[in-house]
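Engineer: What shape does this take:
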Amino acid sequence: MTDNCTERAASASTERGEVVGNDSASMRLLFDSSDTGGSLNSLEVRLRAGADGAAPHFHKRSSELFYVIDGELQVMAGDRIMTVEAGRSVVVPELMPHAFIDAPWWWQERNGTRHQG
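Structural biologist: Here you go, the predicted structure:
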């Protein structure tokens with residue numbers, strides 16, 4: 001998975017690694033925590049407008065960094081919901097429940113219909 005990994009540095013290519021998902025949301029694992037000495041997982045995630053990213057979950061062994069390249073991402077981290085704009089980032093520590101979706105939307109009905117403010 002990694003191109004080069006030492007005790008202090010690791011590098012990966014976005015052209016390597018398996019892509020999972022569908023046309024609305026896809027993910028490519030760049031680094032697993034085993035590649036970074038247990039400190040970080042890194043994924044390249046691509047979301048179409050209105051797409052769900054991940055349901056609430058947490059990681060037992062590492063933090064997760066979100067860096068938004070284009071558009072906006074809505075991140076739930078613990079009891080906070082943040083809108084992260086392009087060029088911004090957020091780090092979610094290990095064991096903290098988190099989820100993410102394409103932003104913005106304000107509320108969702110049980111049938112999945114989303115409404116903007």
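Engineer: which residues touch the most centrally placed residue in the chain?
Structural biologist: When CA atoms, centre = their mean is applied to the chain, the residue found nearest the centroid is F66 (5.4 Å). Under the criterion of CB atoms under 8 Å, 6 or more residues apart in numbering, the neighbours of F66 are 73, 75, 84, 89-92, 100. Glycine gets a C-beta too; all of them are placed from N, C-alpha and C.
Engineer: Distance-wise, check it relative to M76.
Structural biologist: As judged by CB to CB, to the nearest Å, F66 and M76 stand 11 Å apart.
Engineer: which neighbours do these two share?
Structural biologist: Jointly contacting F66 and M76 under the rule CB under 8 Å, 6+ apart are F100.
Engineer: Could you pull up the mean pLDDT of stretch 19-32?
Structural biologist: Mean per-residue pLDDT for stretch 19-32: 80.
Engineer: That should have said stretch 37-53, apologies.
Structural biologist: 79.
Engineer: for that stretch, which positions count as buried?
Structural biologist: Within stretch 37-53, the residues scored as buried using 16 or more other CB atoms under 10 Å are 40-43, 45-47, 51, 53.
Engineer: what do you get for stretch 20-32?
Structural biologist: Buried, per 16+ other CB under 10 Å, within stretch 20-32: 25-32.
Engineer: In strands, which of those fall?
Structural biologist: 25-31 (DSSP state E).
Engineer: Export these as CSV, with columns for distance to E18.
Structural biologist: Output for those, formatted as CSV (distance: CB to CB, whole Å):
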residue, distance to E18
A25, 15
S26, 10
M27, 9
R28, 7
L29, 7
L30, 11
F31, 14
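Engineer: Surely L65 is in contact with P93?
Structural biologist: No. The pair L65 / P93 is not scored as a contact, 10.6 Å apart, by CB atoms under 8 Å.
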